[in-house]
Structure formats: structure tokens, C-alpha cells
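Undergrad: Fold the following and give me the result.
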Amino acid sequence: MTNKSGHIIVIGSGAGGAMAAYTLCKAGHKVLLLEAGRDYDPKTETPMFKRNSEAPLMGASTRDKDFGYYDATVDGGWSVPDEPYTTAEGSEFMWWRARMLGGRTNHWGRFSLRFSHHDFKGKSRDGLGADWPFEYEELAPWYDLTEELVGVCGTNTGLDDMPDSGEGILQTPPQPRIPELLLSAAAKKLGIATAPMHRAVLTRPKDDRAACFYATPCGNGCSIGAAFQTTTSLIPMAKATGNLTIITNAMVKEINVDEQGLVMGVSFVDKISGNTNQLDARIVVLAASACESARILLNSKSAQHPNGLANSSGQVGRNLMDSTGAWLGASIPGLRGRPIYNEDGHTANHLFIPWWGHKMQENGALDFPRGYHFEIGSGFGEPGAGVPGDIDGYGKMAKDAVKLEYGAYVGLGLRGEMLPNEHCYMEIDHEVKDKWGIPVAKFHWAWSEHELKQVEHGLKTAKAILETMGASFSQPLPDAKTAISKGGEIIHEVGSTRMGDSPSDSVTNQWGQTWDCDNVFVMDAGVFASNPHKNCTLTIMTLAMRNASWLATQLDKGVL
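TA: Sure, this is the predicted structure:
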């Protein structure tokens with residue numbers, strides 16, 4: 001199949017791809033969106049109302065369903081059939097891929113924290129990593145537009161790590177649960193503030209999306225559109241303009257260039273028929289995820305681009321980062337045996353602990369750069385297959401012991417900033433190919449002392465908070481190397497096509513436009529110059545809206 005229409009081609013239908021497609025379609029441009037996964041309609045397919053008791057193993061996760069039997073993910077995960085990847089000797093990296101229309105937005109945590117002025121200019125403060133090529137103030141109005149469109153609940157806190165949204169932008173957050181209030185009081189005694197988590201879940205109706213009614217797990221998917229995913233929002237909105245065409249099961253092999261090395265389109269494999277198809281394109285927007293977009297660029301070799309497309313700097317695949325992760329929890333005596341009632345809420349934590357250490361770092365009181373936050377796990381969650389390992393006896397005695405502990409456990413999940421290092425990158429493994437004959441990604445990974453010291457500090461802080469709540473620990477804390485999550489495990493990988501001010505050390509300019517090819521753009525997390533401790537999806541969407549708006553203006557002016 002050969003297409004001569006010269007569409008704008010957007011590769012990927014997740015946060016960046018769907019937002020780019022929506023923005024361009026709304027501006028009056030025709031967009032052809034390619035998705036490597038299958039079609040998916042959450043209004044008819046979601047297991048939203050299924051309970052763990054109806055599932056094998058009480059809904060527990062398996063190799064095929066990483067986040068449980070009823071997770072919204074259809075075919076994706078850290079292991080995807082027919083799509084291997086490799087890791088270098090001595091490296092551990094887990095590459096999660098969605099492979100469905102809507103990408104990761106179908107199952108993400110929906111935590112939607114803005115990056116702050118601290119996050120955009122980290123190198124100017126501590127000399128490490130890279131600065132973003134613009135200030136927070138330039139992105140702030142675009143954050144407002146994105147939060148308003150997406151629908152984010154939360155409050156303006158005035159905390160220096162949580163920039164305020166515009167007046168009336170945020171929806172009302174749900175009330176904190178009892179364990180969260182207890183934790184908040186304990187943290188306050190230690191001089192640490194808590195705040196309502198900003199989350200892309202509607203607490204009031206918006207367009208044709210309903211408000212959350214606090215009854216089903218967000219991770220199962222949301223047929224009413226309350227929990228944000230592009231399949232119930234941006235994609236239908238883009239379709240409504242009449243300017244969007246979607247092809248699913250389209251595995252992009254490479255971006256094609258002419259004899260002069262100018263980009264002219266893409267080649268993709270139809271995963272159903274196995275046929276390779278070529279499409280002409282006026283503009284190519286890569287939004288396939290940080291590592292998949294880098295893989296496509298590196299596989300797009302030609303005589304004019306021998307090291308891969310847009311890679312004259314040698315930075316494609318480099319600067320790979322993920323969030324740090326660690327976990328510490330305990331049973332809280334004061335919560336044992338409390339009355340049982342419904343405290344589902346919007347399923348994730350209603351309160352969290354933002355980073356509070358900027359002043360300490362300015363004063364040299366900490367031995368690691370950047371920061372982290374704590375996400376809180378607590379409350380009367382839906383029972384699953386797991387039970388505490390210290391329950392003795394059987395029958396009524398065992399049941400009473402389980403019931404006593406139900407809702408008493410409080411866990412603190414650390415999510416922190418990673419700095420780029422020379423040992424973390426991806427390349428192409430030309431010895432291994434996927435089912436469709438496309439060379440696969442190969443990952444190199446190693447945490448640095450910065451991240452290990454951060455996790456060590458976080459574990460000590462978590463222990464102090466839990467002890468203030470009344471918990472006791474009989475075992476010493478694990479060492480940071482043992483406690484820290486594997487690379488890729490938090491699924492916040494960014495930086496592989498970094499933006500910057502100079503083509504010598506970055507892949508794109510501030511608009512996501514590649515330095516080498518002015519009609520190729522990257523609009524996923526690959527362009528991130530750093531990886532702040534906050535979930536990256538809100539910023540992916542905000543950048544995609546901003547940059548696609550700029551692209552539309554350039555097209556309207558005839559510049560591109």
C-alpha cells in the first residue's frame with residue numbers, strides 16, 4: 001500500500017500522540033495516527049465492574065497480566081509476545097509496552113503533578129545533568145490548558161515543589177482517608193507537609209465524561225470517562241473534527257528518506273497480514289514512547305543518516321532515565337480493628353508527601369541532589385489473594401487475626417528523580433529481531449550513587465514517619481542497592497531523544513523538532529531534559545499540546 005495524501009503522521013496514541021493528534025486536528029490539519037497495538041474501546045471492553053472474587057487467583061498478577069487479572073492492559077506488559085528486547089551483561093532493565101489504542105493512558109496511576117521551576121533548571125543549581133531550554137513560566141499557561149482539558153482534581157497548596165494552577169482549573173479532590181490523616185499528623189511532627197494528590201480523575205462531570213463515583217479500581221479502566229485515558233477523551237474529540245484517521249496494528253519499521261536524505265514518509269508492518277506498507281508524510285510526529293521512538297530513529301539508517309535518523313549528535317538512545325522506586329510499610333497499632341466501612345475513593349492515595357528538601361539542599365544539608373516524594377498505600381482495599389505471612393492458626397482464630405489487621409497496614413512508596421549517567425542508554429541489537437524482522441532494543445543500565453543515597457535517605461524518613469504513627473520494626477532497613485527498583489520498573493522512562501539549545505548535545509529543539517530533520521518531531525517523554533520525581537504524563541501532554549500548536553502555526557504560515 002502506498003499513500004500519496006501527505007498526511008501528518010503521528011506514531012503512537014498514548015499521552016503524547018493523542019494530544020498531538022487532537023491539537024493538530026482541532027487546528028484544521030489532517031492527521032493519520034498509527035498505533036502498534038490493537039483497537040480498544042473501554043466503553044465496551046473494560047472489566048471496570050469486575051471484582052477480584054470473580055477472577056482466577058483472586059485477581060492476582062501473573063506473567064501475562066502484570067497488574068492483575070482485570071488490569072485494563074489488553075496485550076501489553078514487560079513481556080510482549082513476539083517482541084523481545086535484550087539487556088547488556090550486568091544490566092537489568094524492564095521495558096513496559098502497552099500495545100493498545102490509548103497506550104499507557106488506559107492503566108496509568110493518573111498522578112498529575114506539575115514540574116516546578118526547580119525541575120526545569122536543575123543543572124543551573126547543582127551542575128548535574130541538563131537544563132530544559134525554557135523556564136517553568138513559559139509552560140505554566142499550557143499546564144492550565146492541559147489540566148482544564150484533561151480534568152485534574154487537587155488544590156493549590158503554595159508549597160514550593162507544587163506550582164499553583166490557575167484559578168478554577170483544578171476540580172475538588174476527594175476527602176483524605178483515616179490512615180492518611182494519621183500519617184499527615186505524624187509527618188507534621190517531623191516538619192514534613194502532606195498535600196492532596198493531583199490526579200486526572202473527574203470529581204465533577206465534564207463534556208460527555210461522568211464524575212467518578214468511587215466504586216471501582218481505576219486500573220481496570222473506566223467506561224464512564226471519569227479516569228482520564230485518551231480512548232475516552234482526546235481520541236474521540238479528535239475524531240469528531242473529521243480530520244483524524246487511525247490505523248491500528250501498525251508496527252512502524254522506519255522513517256523513510258529520499259536520495260537527498262529528506263524525510264518523505266514511514267514504513268510499517270500490518271501485524272495482521274504481515275505486509276509492509278509505505279506512507280508518504282508531510283510531517284512525522286514520533287510519540288511511540290521514549291524507547292520505541294528512539295528505536296525507530298536508530299533503525300532508520302540510510303546513506304545520508306548512517307547512525308540513524310536525527311542522530312548527528314549521537315544522543316539518540318542516550319540519557320535514558322527512569323524514576324527511582326522503593327517501598328516501606330508497617331502495621332499501625334492504632335488502626336487495628338477499626339470499624340470497617342467504604343473508603344474506596346478514587347482508589348489511589350488522596351494525600352501524598354511532596355518533596356520538602358529544596359532548602360536543605362541549598363544549605364548543603366543533604367548528600368544527594370534533586371528530590372523524591374512519597375505515595376501512600378493504605379485503607380480498606382478490595383481483598384486479593386495475598387494474606388500476611390505472620391498469621392497463626394486456622395479457622396476462626398485465623399479469620400479474626402486477618403480481620404484485625406485489615407486496613408491497618410500503611411505503606412510509603414518512594415518515587416524519586418534520577419540523573420542521567422553514561423551507563424544508562426539503549427541501542428539496537430542487530431543480532432535479535434522481532435516477529436516482523438525489526439531489530440530490537442538493547443538496554444544498558446546502572447544506578448549511580450546519587451540515586452542510592454536518595455533511596456537510603458527516603459527509607460530512613462519513611463521509617464521515622466511510620467514509627468511516629470506507632471509502628472515498630474524488628475529488622476534493620478534494607479540497603480539501598482537491594483531496596484531500589486529495577487530500571488524501567490516504575491515505567492517512567494524518559495530522555496532518550498533529549499531536547500536542548502544546541503544540536504551538538506541534543507536531538508530536538510524546545511519544540512520537539514529534530515535538529516537534523518525539520519519535518520520530524522518527537523512528542524513523547526524522550527524529549528525530557530531531566531526526569532523530575534513526578535509522574536511524567538501530565539508534562540508529556542502539556543508539551544505535546546504546546547509543541548503541536550507551534551507546529552500547526554508553522555504549517556499555517558507555510559514555513560513547513
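
Undergrad: Name the residues that touch stretch 117-126?
TA: Applying C-beta atoms under 8 Å, 6 or more residues apart in numbering, the contact partners of stretch 117-126 are 128-132, 134-137, 139, 160-161, 163, 358, 361, 369-371, 417, 529-530, 532, 534. Just so you know, the C-beta spots here come from the backbone N, C-alpha and C atoms, and that holds for glycine as well.

Undergrad: now do stretch 503-520
TA: So stretch 503-520 is in contact with 130, 132-134, 255, 262-263, 281-284, 286, 297, 305, 309-313, 315-316, 497-501, 521-523, 526-527, 529, 543-544, 547, 550-551, 560, going by C-beta under 8 Å, 6+ apart.

Undergrad: Which of the residues you listed fall in helices?
TA: Members of the contacts of stretch 503-520 lying in helices (criterion: DSSP state H): 297, 543, 544, 547, 550, 551.

Undergrad: Let's have those residues in TSV, adding distance to residue 383 and neighbour count.
TA: Listed next are those as TSV, based on distance: C-beta to C-beta, whole Å; neighbours: other C-beta atoms under 10 Å:
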residue	distance to residue 383	neighbour count
297	46	30
543	40	29
544	39	33
547	45	27
550	49	16
551	49	26
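
Undergrad: Can you select the buried ones among the contacts of stretch 117-126 for me in PyMOL?
TA: Remark: buried members of those, expressed as a PyMOL selection using 16 or more other C-beta atoms under 10 Å:
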select buried, resi 129+130+131+132+134+136+139+161+163+358+361+369+370+371+417+529+530+532+534
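
Undergrad: Now stretch 464-479: average pLDDT?
TA: Averaging pLDDT along stretch 464-479 gives 97.

Undergrad: Can you show me the CA trace of that stretch as CSV?
TA: The C-alpha coordinates for stretch 464-479 follow below in CSV (Å, rounded to 0.1, in the frame of the first residue of the first chain):
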residue,chain,number,x,y,z
ALA,A,464,10.7,7.7,61.1
ILE,A,465,7.2,8.6,59.8
LEU,A,466,5.8,5.1,60.4
GLU,A,467,7.4,4.9,63.8
THR,A,468,5.8,8.2,64.7
MET,A,469,2.5,6.6,63.7
GLY,A,470,3.1,3.9,66.3
ALA,A,471,4.8,1.2,64.1
SER,A,472,7.7,-0.9,65.3
PHE,A,473,10.4,-2.5,63.2
SER,A,474,12.3,-5.7,64.3
GLN,A,475,14.6,-5.8,61.3
PRO,A,476,17.1,-3.3,60.0
LEU,A,477,16.3,-1.3,56.9
PRO,A,478,17.4,-2.9,53.6
ASP,A,479,20.4,-1.4,51.9
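
Undergrad: For it, buried residues please.
TA: 465, 466, 468, 469, 470, 471.

Undergrad: do stretch 303-323 as well
TA: 305, 308-313, 315-323.

Undergrad: Flag every buried residue along whichever strand or helix holds residue 541.
TA: Assigned by DSSP states H and E, residue 541 belongs to helix 537-557. Of the residues in helix 537-557, those with enough neighbours to count as buried (16+ other C-beta under 10 Å) are 537-552, 554-555.

Undergrad: ranges for the strands of the stretch 401-550 of the chain?
TA: 409-416, 425-433, 439-444, 520-522 (DSSP state E, counting those that start in this stretch).

Undergrad: Just the buried positions in the third one, please.
TA: What it means is strand 439-444. Using 16+ other C-beta under 10 Å as the test for burial, strand 439-444 gives 439, 440, 441, 442, 443, 444.

Undergrad: For that strand, give the mean pLDDT please.
TA: 98.

Undergrad: Check the shortest one too.
TA: For strand 520-522, the mean per-residue pLDDT is 98.

Undergrad: got the residue ranges for the strands in the stretch 101-250 of the chain?
TA: Going by DSSP E, counting those that start in this stretch, the stretch 101-250 of the chain shows strands at 195-196, 244-247, 250-257.

Undergrad: Name the strands paired with the second one and say parallel or antiparallel.
TA: On the basis of DSSP bridges, the sheet neighbours of strand 244-247 come out as strand 31-34 (parallel).

Undergrad: chain center to the strand it pairs with, what's the gap?
TA: 22 Å (C-alpha atoms, centre = their mean, to the nearest Å).

Undergrad: Now the following helix or strand past that strand: buried residues?
TA: Counting by DSSP H and E, the next helix or strand C-terminal to strand 31-34 is helix 42-45. For helix 42-45, the neighbour count (16+ other C-beta under 10 Å) marks 42, 45 as buried.

Undergrad: Not counting its own residues, what contacts helix 42-45?
TA: 48, 72, 74, 102, 106, 221, 222, 223, 229, 231, 232.

Undergrad: Can you pull out the low-pLDDT segments for the protein?
TA: 1-6, 387-389 (pLDDT under 70).

Undergrad: any chance you could map the helices in it?
TA: 15-26, 42-45, 117-120, 122-126, 136-150, 178-189, 234-240, 290-299, 358-362, 395-405, 449-468, 480-483, 537-557.

Undergrad: Determine which of these approaches residue 272 most closely.
TA: Closest approach to residue 272 among the helices of the chain (C-beta to C-beta): helix 42-45, 18.4 Å.

Undergrad: returning to what we had before: with mean neighbour count and distance to residue 23 as extra columns, can I get the strands of the stretch 101-250 of the chain in CSV?
TA: As requested, the strands of the stretch 101-250 of the chain are arranged in CSV below (neighbours: other C-beta atoms under 10 Å; distance: least, C-beta to C-beta, whole Å):
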stretch, mean neighbour count, distance to residue 23
strand 195-196, 22, 29
strand 244-247, 18, 11
strand 250-257, 22, 21
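
Undergrad: Now tabulate the ones you listed in JSON lines and tack on distance to residue 205.
TA: Listed next are these as JSON lines, based on distance: least, C-beta to C-beta, whole Å:
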{"stretch": "strand 195-196", "distance to residue 205": "20"}
{"stretch": "strand 244-247", "distance to residue 205": "24"}
{"stretch": "strand 250-257", "distance to residue 205": "34"}
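
Undergrad: Can you say which of those is nearest to residue 478?
TA: strand 195-196 (27.7 Å).

Undergrad: Name the strands paired with that closest one and say parallel or antiparallel.
TA: Here, using DSSP bridges, strand 195-196 pairs with strand 351-353 (antiparallel).

Undergrad: quick one: contacts of the partner strand?
TA: Under C-beta under 8 Å, 6+ apart, the answer for strand 351-353 is 111, 176, 180-181, 183-184, 187, 192-197, 373-376, 412, 465.

Undergrad: quick one: that strand to chain centroid distance?
TA: Taking C-alpha atoms, centre = their mean, one finds the center of strand 351-353 at 18 Å from the center of the full chain.

Undergrad: same deal with stretch 53-66?
TA: Between the centre of stretch 53-66 and the centre of its chain there are 23 Å (C-alpha atoms, centre = their mean).

Undergrad: Sort out which residues of it are buried, please.
TA: Of the residues in stretch 53-66, those buried (16+ other C-beta under 10 Å) are 55, 58, 59, 65, 66.

Undergrad: how about the first one, what does it touch?
TA: Same thing as residue 55. 68, 69, 70.

Undergrad: Do I have it right that the first one meets residue 56?
TA: Spelled out, it's residue 68. No. Counting by C-beta atoms under 8 Å, residue 68 does not reach residue 56; the two are 10.7 Å apart.

Undergrad: now what about stretch 150-159, what contacts it?
TA: Against stretch 150-159 from outside (C-beta under 8 Å, 6+ apart): 112, 162, 164-165, 169-174, 193, 195-203, 206, 209, 228, 233, 346, 354, 356, 538, 541.
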